[in-house]
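Student: need coordinates for the following:
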Amino acid sequence: MPNKTTAQRALIVAAIATLVLMSFGPFRPLLIPLLYLNTHIHELAHAFAALGTGGVPEMIQVFPDGSGTTPVRGGNILVIGSAGYVGASIFGAALILYSTTVQRAQHALLGTSFLLVISLLALVRGNPVGMVSGVIIAILFAVLGNTKNDVPIYAAQFIGVQQCLNSITSVLTVFKMSGWTGGTSDATILQEVTGLPAAVWAFSWVAISLGLIGWSLHQSFGAAKGKSSSAKKIPKASR
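Tutor: Sure thing, here's the model as predicted:
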């Protein structure tokens, strides 16, 4: 079996591959669970940011194409608008940092499952796609949280890396909208509010996300190497 560090690096490659495939229409249906998971976490981050800045999230909606929206009343629009990608990246980095043992990874997966259930009851109500996808993902997380060996660690860290890298799609979204459509995104909304170009916001979120993933993986790899080295240096008992 590959050592833990090799497996973690393989997860990074897998997470990047999933995001690349999500960018191409023919492959998106194969990754629907991950696509909807990204949306749920992204929209939850907006909702928490609204609550944290004195606003009220009215609901979370998830649409069949994997996009979503979280209408809010009040709050700080700059924090709320940035919270989707940055919040998801913070969530991903926290998963990577925390899930260094089987037990901790199990707790992280089960905790995420519980968080999704609460969001379904409080915010996703009345949205069929959001409800169905949220229930399926919550069950999947609960199942993964009850597996053994190193499966929970790899699952939690894969999801963590994937959440961090998901901010890259903000740049793709901005360029697609500026080139072919008149749609809106988190970045274009903040452009209207602040006057700063949407691309500036998008690239800023990517920079923050890459910084978080680099730091969290460095810490995680360091912990894994440290444990491996300690295991190799256990002295023999004297007779």
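Student: okay, and for the chain, where does confidence drop off?
Tutor: 1-5, 7-8, 23-25, 174-183, 221-239 (pLDDT under 70).
Student: can you pull out the strands in it?
Tutor: Secondary structure of the chain (DSSP state E): strands at 56-57, 61-62, 68-69, 72-73.
Student: distance of the residue most central in space within the chain from residue 199?
Tutor: The centroid of the chain falls nearest to residue 163 when counting by C-alpha atoms, centre = their mean (2.5 Å). From residue 163 across to residue 199, the span is 22 Å (C-beta to C-beta, to the nearest Å). Backbone N, C-alpha and C define where each C-beta goes, glycine included.
Student: now residue 21
Tutor: Taken as C-beta to C-beta, the span from residue 21 to residue 199 is 24 Å.
Student: kindly report the same for residue 208.
Tutor: According to C-beta to C-beta, residue 208 and residue 199 sit 15 Å apart.
Student: how about residue 135?
Tutor: Residue 135 is 37 Å from residue 199, by C-beta to C-beta.
Student: same question for residue 61.
Tutor: 26 Å.
Student: do I have it right that the residue nearest to the centre of the chain meets residue 40?
Tutor: No - counting by C-beta atoms under 8 Å, residue 40 is not a contact partner of residue 163; they are 10.7 Å apart.
Student: how about the contacts made by the closest residue in space to residue 34 that isn't next to it in sequence?
Tutor: For residue 34, ignoring the flanking residues on the chain, the nearest one in space by C-beta to C-beta, 6 or more residues apart in numbering is residue 18 at 5.8 Å. Applying C-beta atoms under 8 Å, 6 or more residues apart in numbering, we find residue 18 in contact with 31, 34, 162.
Student: how many other residues sit next to the first one?
Tutor: Pointing back at residue 31 there. Neighbours of residue 31 under the rule other C-beta atoms under 10 Å: 17.
Student: what sits against it?
Tutor: Going by C-beta under 8 Å, 6+ apart, the list of residues near residue 31 reads 18, 21, 22.
Student: from those residues, which single one is nearest residue 90?
Tutor: residue 18 (19.8 Å; C-beta to C-beta).
Student: next one: that closest one relative to residue 163, how far apart?
Tutor: On the measure of C-beta to C-beta, residue 18 and residue 163 end up 11 Å apart.
Student: over to residue 146?
Tutor: 21 Å.
Student: just residue 70 next, same as before
Tutor: Residue 70 sits at a distance of 17 Å from residue 163 (criterion: C-beta to C-beta).
Student: repeat that for residue 49.
Tutor: 16 Å.
Student: same check, this time on residue 136
Tutor: 18 Å.
Student: what of residue 96?
Tutor: 9 Å.
Student: likewise for residue 11?
Tutor: Taking C-beta to C-beta, one finds residue 11 at 12 Å from residue 163.
Student: understood, closing this out.
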